[in-house]
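Trainee: mind looking at a prediction? Sequence and model below.
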Amino acid sequence: MLEIGIVGGSGYGAIELIRLLKQHKEVNIKYVFSHSKSGEDIKETFPHLQDNINVPFSSLDVDKVDCDLIFFATPSNVSKHFIPKLIERGIKVIDLSGDFRLKDPALYEKYYGEKPAEQSILDKANYSLAEWSDINNDSTKIIANPGCFPTATLLSLHPLLKNNLINKESIIIDAKTGISGAGRSLSQNVHYGEANENFSAYKLGTHKHTPEIEQYLSKLSGSDIKVMFTPHLVPMTRGILATIYVDLNEQISEEALHKMYIKTYQNKPFVRIRKIGEFPKTKEVLGSNFCDIGIYVDEERNKAVIVTVIDNLVKGASGQAIQNMNILYGFNEDEGLNLLPVYP
Ligand SMILES: NC(=O)C1=CN([C@@H]2O[C@H](COP(=O)(O)OP(=O)(O)OC[C@H]3O[C@@H](n4cnc5c(N)ncnc54)[C@H](OP(=O)(O)O)[C@@H]3O)[C@@H](O)[C@H]2O)C=CC1
Ligand SMILES: CC(=O)N[C@@H](CCC(=O)OP(=O)(O)O)C(=O)O
């Protein structure tokens, strides 16, 4: 059994990790760490769990903790203070926050507004979009789990960039997210009165997922790529829908592009390519680790539109983190994640 700990215990990412890991055959949840509720019973915060998880919230002591792997489901600027000591002690880490995603420290400072982790520790982190991961148990110590918008975006664009099918300057990502993307703590824009029956664009030109998307795509294509990315907040609890527009390099039919996506993802259990003419809806992946992709080609205008949905808390965070753990330790990739979406 793999002994694991979860940090950020009273947040959404942590509670989703608990839900999924409770039915994982290879894992025992040894610790749930909370900096605000240490010593309290978890069911006081999450009554829906009752006695289904029998560890209390505790506080993380990096010198004493004794387990194989720790998930950080904490805001940015937290994990980087704990991880150096943990990896020195041989404990592996999967970080759901953005602390280890960007390789360029100047970009971290610009988009996160804080000093990044030390370069020597940053260099040890593997950014792992699970479907295209290069992690392995021998050398990987820190996994930087991708952000929610980058997950939907990069799974959509990977086949197009890999096969050099698009004008690299033409990428427009128009993405919508549910409110749980903002986490459990309160802020004005997620108050019921602000968010209910409302619809807004936010962080144009400043969202921290822009450099993350650009970093991955630039590496994949071998040239500097810039994207236009606009996130929107919609009044639903969970889900992301990204609509991505690109100019095609050459005339390619919808059938040919569709075939290429099917082939690219044929051995990837969580990416489902919809049939031509069908576009996924957020509820069709709710509570699951699936990423569903629909493809449209406008042959007259020589453009493609990719419509992609994920559940931000599952494939966009905790589910993908578990998928990464499964890959890292050689478990079945879908262990703990073999769940159909909740519908409706
Ligand atoms: N929500 C989403 O859809 C996604 C979230 N993520 C990322 O995952 C991480 C967790 O997100 P989420 O669970 O939604 O966020 P939440 O705000 O719901 O939870 C974060 C938890 O971290 C703990 N925490 C807060 N501040 C500190 C601090 N200064 N030091 C230590 N612990 C702290 C708190 O738990 P406690 O008091 O119990 O320690 C808090 O509940 C974030 O980095 C987020 O950006 C990534 C993809 C999608
Ligand atoms: C609605 C909302 O605020 N969503 C968040 C989602 C980001 C996220 O959770 O991912 P990180 O791990 O990169 O922080 C946002 O747009 O910042």
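Mentor: Yep, that arrived. Ligands and ions are numbered 1, 2, ... in the order given.
Trainee: part of a strand, is residue 275?
Mentor: No - assessed with DSSP: H, G, I helix; E, B strand; the rest coil, residue 275 is coil; it does not lie in a strand.
Trainee: list the contacts of it.
Mentor: Residue 275 makes no contacts at all, as judged by CB atoms under 8 Å, 6 or more residues apart in numbering. Placement of C-beta: from N, CA and C, glycine included.
Trainee: point me to the residue of the protein nearest ligand 1.
Mentor: Per CB to the nearest ligand atom, residue 11 is where the chain lies closest to ligand 1, at 1.9 Å.
Trainee: ok, for the residue of the stretch 151-300 of the chain found nearest ligand 2, nearest residue in space, not its chain neighbours?
Mentor: Ligand 2 sits closest to residue 181 of the stretch 151-300 of the chain, with a gap of 3.1 Å, by CB to the nearest ligand atom. Nearest non-adjacent residue to residue 181, counting by CB to CB, 6 or more residues apart in numbering: residue 312, 4.8 Å away.
Trainee: doesn't the one you found belong to a helix?
Mentor: No - secondary structure of residue 312 (three-state DSSP): coil, not part of a helix.
Trainee: give me the element residue 16 is part of.
Mentor: Assigned by DSSP states H and E, residue 16 falls within helix 12-21.
Trainee: now the element after that helix, going C-ward?
Mentor: Moving toward the C-terminus from helix 12-21, the next element (DSSP H and E) is strand 27-33.
Trainee: so how far is that following strand off the chain centroid?
Mentor: 21 Å (CA atoms, centre = their mean, to the nearest Å).
Trainee: equivalent analysis for stretch 227-243, please.
Mentor: 14 Å.
Trainee: in that stretch, what's buried?
Mentor: 227, 229-231, 233-234, 236, 238-243 (16 or more other CB atoms under 10 Å).
Trainee: can you pull the residues of the stretch 201-344 of the chain lying near ligand 2?
Mentor: Within the stretch 201-344 of the chain, the residues that sit near ligand 2 (CB under 6 Å from any ligand atom) are 208-209, 231, 233.
Trainee: ok, the residue nearest to residue 181 - contacts?
Mentor: 148, 177-178, 180-181, 238-240.
Trainee: now with 6 Å?
Mentor: 148, 177, 181, 240 (CB atoms under 6 Å, 6 or more residues apart in numbering).
Trainee: possible to save the residues you listed as JSON lines with pLDDT and secondary structure?
Mentor: JSON lines is the format used below for the contacts of residue 312 (pLDDT from 0 to 100; DSSP: H, G, I helix; E, B strand; the rest coil):
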{"residue": "148", "pLDDT": "98", "secondary structure": "helix"}
{"residue": "177", "pLDDT": "98", "secondary structure": "strand"}
{"residue": "181", "pLDDT": "97", "secondary structure": "helix"}
{"residue": "240", "pLDDT": "98", "secondary structure": "strand"}
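Trainee: domains for the chain, by residue range?
Mentor: 2-146+315-329, 149-312 (automatic domain parsing).
Trainee: what about residue 63, how many residues nearby?
Mentor: As a burial measure, residue 63 scores 7 neighbours (other CB atoms under 10 Å).
Trainee: and the residue lying closest to it once chain neighbours are set aside, which of the three is it?
Mentor: Distances taken as CB to CB, 6+ apart place residue 85 nearest to residue 63, at 7.0 Å, with adjacent residues excluded. State at residue 85, reduced to three classes by three-state DSSP: helix.
Trainee: so for residue 85, what's the pLDDT?
Mentor: Residue 85 is assigned 97 on the pLDDT scale.
Trainee: isn't it up against residue 61?
Mentor: No - contact criterion CB atoms under 6 Å: residue 85 and residue 61 do not qualify, at 9.9 Å.
Trainee: so between the two, which is more surrounded?
Mentor: residue 85 (13 against 10).
Trainee: against residue 127, how distant is the more buried one?
Mentor: With the distance defined as CB to CB, to the nearest Å, residue 85 ends up 22 Å from residue 127.
Trainee: what of residue 64?
Mentor: Per CB to CB, residue 64 is found 30 Å from residue 127.
Trainee: could you do residue 293 as well?
Mentor: From residue 293 to residue 127 the distance is 21 Å (CB to CB).
Trainee: show me where the chain has its strands.
Mentor: 2-7, 27-33, 57-58, 69-72, 92-95, 125-127, 142-144, 172-177, 200-201, 228-233, 240-247, 271-273, 291-298, 303-310 (DSSP state E).
Trainee: distance to ligand 1 added to those strands, as a markdown table?
Mentor: Shown next, in a markdown table, are the strands of the chain (distance: least, CB to the nearest ligand atom, whole Å):
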| stretch | distance to ligand 1 |
| --- | --- |
| strand 2-7 | 7 |
| strand 27-33 | 7 |
| strand 57-58 | 7 |
| strand 69-72 | 8 |
| strand 92-95 | 8 |
| strand 125-127 | 13 |
| strand 142-144 | 11 |
| strand 172-177 | 8 |
| strand 200-201 | 17 |
| strand 228-233 | 12 |
| strand 240-247 | 8 |
| strand 271-273 | 18 |
| strand 291-298 | 13 |
| strand 303-310 | 10 |
